[in-house]
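# Predicted model and sequence below, questions to follow.
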Amino acid sequence: MSAIEQADVVVLGLGPGGEYVAGTLAEAGLDVVGVEAELVGGECPYWACVPTKMMVRAGNLLAEAGRVSALAGEAVVTPDWARVAGRIREEATADWNDQVAADRFTAKGGRLVRGTGRLAGPRRVTVGDRTFEARRGVVLATGTRPRITPVPGLDGTPYWTNRDAMTAKELPASMVVLGGGAIGVELAQVFARFKCAVTVIEGQDRLLAQEEPEAGELAADALRADGVTVLTGTRVRQISHAGTEFTVRLEGEGQPLTAERLLVATGRHADLTPLAVDTVGLDPSAQSVRTDGQMRAGEGLWAVGDITGRGSFTHVSMYQAEIAVRDILGQAGPDADYRALPRVTFTDPEIGAVGLTERQAREQGLRVRTSVVAVASSTRGWIHGPGNEGFIKLVEDADRGVLIGATSAGPAGGEVLHGLNVAVHAEVPVDRLQHMIYAYPTVHRTIEAALGALR
Ligand SMILES: Cc1cc2nc3c(=O)[nH]c(=O)nc-3n(C[C@H](O)[C@H](O)[C@H](O)COP(=O)(O)OP(=O)(O)OC[C@H]3O[C@@H](n4cnc5c(N)ncnc54)[C@H](O)[C@@H]3O)c2cc1C
Ligand SMILES: NC(=O)c1ccc[n+]([C@@H]2O[C@H](COP(=O)([O-])OP(=O)(O)OC[C@H]3O[C@@H](n4cnc5c(N)ncnc54)[C@H](O)[C@@H]3O)[C@@H](O)[C@H]2O)c1
């Protein structure tokens, strides 16, 4: 066995969270080993946020062109997936090559170790036959992998996950999407806009089930308007694949569905067993690694990103990474605060949300006031015309007079969310929000109307 190699910090997994921690600590002068099993940068730039948003951008352009006839004349567009696939391959992922990201890390002074790492006791990590000892500690940032729902027959079929969808050079003629969460709805709409016949099957009674019911209804309406068949409250009994076709049998009566492709988008989970977390006293069967507010998961151990189970979003991983960096460098700073966690589902219309839903607030026993105002009722929404679907929903803690949750759906819904994000984060009194000036005519003036409608 080779000698144990020393470092200040070992970061396991170089997705957005781990790459930020490792790079920033290296820049600060620490001896950092970054261990990466696949591509430096992780899921987000290669198989997730970035390529999906390139797809969304392209799909939205097609949809906007379709609205020209109502407002501006005639536009004839011919969807061509090759442009999208080419842009993803060339501009976003460099053909799934991470050399630029790897160089970025090593240029900061980090040591990149390619391979699958695992813990080997406190402050120790093994990668193949190498063992590293981290004087300050280890940062777990290994993300999540798709949770493949246990449907009879699914195993062994050539189903797709997000990774296959991101690398597709051609689109299938038809696709069943299992799961109506963020991945399912974003990809269903894009594929439909490129003329793929899509059916979404969601087990719960609405799409985007973790968000407000109004958000799920809006997403379903938007998808249906693009020709997607949306089945909610629907369970799959059996899946099979023969030749080039999937057959999906649903619970209850009815004709089985057939499609060329099946996309499984039924959530993601952290797999702690291969990380040997038991060697540092953590439960390998847990769903996530628990941390305190400074992202500490134990003595000389931190965790950031999806693995912490605090929301599978790149911005959460970066936010947590910043806190972990400070803590590792011995700098004081506030604990992680998830009260104003924003998230945006990039459908058209975009559906942004921050903080608690009405239901979550009521379940906490809070006395709430709420309001829902349609974007189309604002001057800008009305001027916008086709594509102006959406709403602002506010959730106020009536006893404290502050917003604790909000949804911003509509054209640029994710951008409009920002004001609400600030309001929830900074606990700006509703009374103050009601007496500020909102530019005219903007979509965000709907917020002013929604504040006035709180009941
Ligand atoms: C289709 C899709 C679209 C998404 N869109 C958005 C979006 O628009 N906005 C948003 O905020 N979020 C989005 N997300 C979520 C976002 O991708 C994740 O929240 C983010 O990538 C999490 O970063 P992370 O650092 O925790 O882990 P990851 O990005 O998962 O990176 C973890 C890294 O660890 C490596 N690794 C794992 N195990 C080991 C090991 N044992 N040894 C060494 N290396 C290891 C992996 O290879 C990987 O590179 C999307 C996700 C998907 C799937
Ligand atoms: N815009 C974004 O920020 C963005 C986009 C995509 C993904 N993501 C992140 O990636 C993570 C994973 O996305 P996701 O969409 O896979 O997960 P998700 O948890 O958001 O949604 C999965 C859905 O699948 C449903 N489901 C599970 N088993 C099923 C079954 N057998 N039949 C029918 N439906 C079933 C669930 O009820 C749930 O609604 C999310 O947590 C999200 O945070 C973010």
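Nice, thanks for sending it over. Ligands and ions are numbered 1, 2, ... in the order given.
# OK, contacts around the residue lying closest to Asp431 once chain neighbours are set aside?
Nearest residue to Asp431, sequence neighbours excluded (CB to CB, 6 or more residues apart in numbering): Gly401, at 6.3 Å. (Glycine included, C-beta is placed from N, CA and C.) If a contact means CB atoms under 8 Å, 6 or more residues apart in numbering, then Gly401 has Pro429, Val430, Asp431 as its contacts.
# What separation do you get for the second one and ligand 1?
Going back to what we said before, that points to Val430. 28 Å (CB to the nearest ligand atom, to the nearest Å).
# just the last one next, same as before
From Asp431 over to ligand 1 the distance is 32 Å, taken as CB to the nearest ligand atom.
# Can you check what pLDDT the model gives that residue?
Among the per-residue scores, Asp431 shows a pLDDT of 98.
# Which residues does the top strand by length along the chain contact?
For the chain, the strand reaching the highest residue count under DSSP state E is reported as strand 130-140. Contacts with strand 130-140, where a contact means CB under 8 Å, 6+ apart, come from 1-2, 4-13, 18, 21-22, 30, 33, 113, 115, 119-120, 123-126, 275, 277, 289, 297, 299-304, 307, 324, 328.
# Kindly report the same for stretch 303-312.
13, 15-18, 21, 139-144, 268, 270, 272, 287-291, 295, 297, 316-317, 320-321, 323-324, 336, 338, 341, 343.
# hang on, the earlier thing: CA atoms only: put the longest strand of the chain into CSV for me.
Included here for strand 130-140 are C-alpha records, laid out as CSV according to Å, rounded to 0.1, in the frame of the first residue of the first chain:
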residue,chain,number,x,y,z
ARG,A,130,-4.5,6.1,-2.9
THR,A,131,-5.4,7.3,0.6
PHE,A,132,-5.6,11.0,1.5
GLU,A,133,-5.5,12.4,5.0
ALA,A,134,-7.1,15.9,5.3
ARG,A,135,-5.7,18.0,8.1
ARG,A,136,-8.7,20.3,8.3
GLY,A,137,-11.3,17.9,7.0
VAL,A,138,-13.4,16.4,4.2
VAL,A,139,-16.2,18.0,2.3
LEU,A,140,-18.9,15.7,0.9
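# how about the next helix or strand after that strand, does it reach ligand 2?
Downstream of strand 130-140, the next assigned helix or strand under DSSP states H and E is strand 145-146. No - Strand 145-146 stays out of contact with ligand 2 when judged by CB under 6 Å from any ligand atom, the minimum separation being 6.8 Å.
# So out of everything in the stretch 301-450 of the chain, what residue is nearest ligand 2?
Ser312 (3.5 Å; CB to the nearest ligand atom).
# That residue and Thr142: what is the separation?
13 Å (CB to CB, to the nearest Å).
# try Val76
From Val76 to Thr142 the distance is 48 Å (CB to CB).
# With Met175 instead?
In terms of CB to CB, Met175 sits 29 Å off from Thr142.
# His384 now?
43 Å.
# More neighbours: these two, which one.
Thr142 (30 against 21; other CB atoms under 10 Å).
# So for that one, what's the nearest residue that isn't a sequence neighbour?
Using CB to CB, 6+ apart, the closest residue to Thr142 is Gly13 (3.7 Å).
# Ends of stretch 186-203, what's the gap?
17 Å (CA to CA, to the nearest Å).
# what is the rounded mean pLDDT of that stretch?
Mean predicted lDDT for stretch 186-203 stands at 98.
# With ligand 2 in mind, check whether that stretch reaches it.
Yes - remark: stretch 186-203 sits within contact range of ligand 2 at Glu186, Ile201, Glu202, Gly203, by CB under 6 Å from any ligand atom.
# I'd guessed the third one sits against Ala182; true?
Read that as Glu202. No - contact criterion CB atoms under 8 Å: Glu202 and Ala182 do not qualify, at 12.0 Å.
# Mind splitting the chain into its structural domains?
Structurally, the chain divides into domains by automatic domain parsing as follows: 5-41+98-144+270-328, 162-266, 342-452.
# Which parts of the stretch 201-350 of the chain are strands?
Taking DSSP state E, counting those that start in this stretch as the criterion, the stretch 201-350 of the chain contains strands spanning 229-231, 236-242, 245-250, 257-259, 261-264, 268-269, 296-298, 301-303, 342-345, 350-355.
# Of the domains of the chain, which stretch is the most buried?
Of all those, domain 5-41+98-144+270-328 carries the top mean neighbour count, a mean of 21, counting by mean count of other CB atoms under 10 Å.
# Pull the contacting residues for Glu350.
By CB under 8 Å, 6+ apart, the neighbours of Glu350 are Val344, Ala409, Gly410, Pro411, Ala412, Gly413, Gly414, Glu415.
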